[in-house]
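J.: When you get a sec, could you give me coordinates for this:
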Amino acid sequence: QLQLVESGGGLVQAGGSLRLSCAASGRTLSRNVMGWFRQAPGKEREFVGAIAWSGGNIYYADSVKGRFTISRDNAKNTVYLQMNSLKPEDTAVYYCAARVRYVMITTSPRDYDYWGQGTQVTVSS
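T.: Next up is the predicted model:
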């Protein structure tokens, strides 16, 4: 069983930055994909970005490309989401997720097997 715990959310002004962390425990992350998703009130969960654990392939949603950066620290079993130039429309609960059965990056939440509890990010204008 894999447990994912996000941290680092909070309240920030537009133009500011936050770094989210996702710590994994219960099994070693290898040959899988770690994704970040977000869900705003009344909206569906949407893909933010993902990183292949081995190989370093990274893919971002167009809405965050150039502002957000995903990285990982294999030794710490942790994935990060650095968010810069934040906008009010980035306000959402942010979730990390692990896709363990396949190694290809996908953007659908249905393809991910494990989820964290989420962390709130609020960007004020």
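J.: Show me the residue at the heart of the chain, geometrically.
T.: Nearest to the geometric centre of the chain sits residue 36, at 2.2 Å (CA atoms, centre = their mean).
J.: Show me the beta-bridge partners of that residue.
T.: Applying DSSP bridges to residue 36 gives these bridge partners: residue 49, residue 96.
J.: and the gap between it and residue 125?
T.: Look at residue 36 and residue 125: by CB to CB, to the nearest Å, they are 23 Å apart. (Each C-beta comes from the backbone N, C-alpha and C, glycine too.)
J.: residue ranges with poor pLDDT in the protein?
T.: 29-30, 55 (pLDDT under 70).
J.: Okay, helices next: where are they in it?
T.: Using DSSP state H, the chain contains no helices.
J.: ok, which stretches of it are strands?
T.: 3-7, 10-13, 18-25, 33-39, 46-52, 58-60, 68-73, 78-83, 92-99, 114-115, 119-124 (DSSP state E).
J.: What strands line up against the first one, and which way round?
T.: Using DSSP bridges, strand 3-7 pairs in its sheet with strand 18-25 (antiparallel).
J.: Tell me how far the strand it pairs with lies from the chain's centre.
T.: Mean-position distance between strand 18-25 and its chain equals 8 Å (CA atoms, centre = their mean, to the nearest Å).
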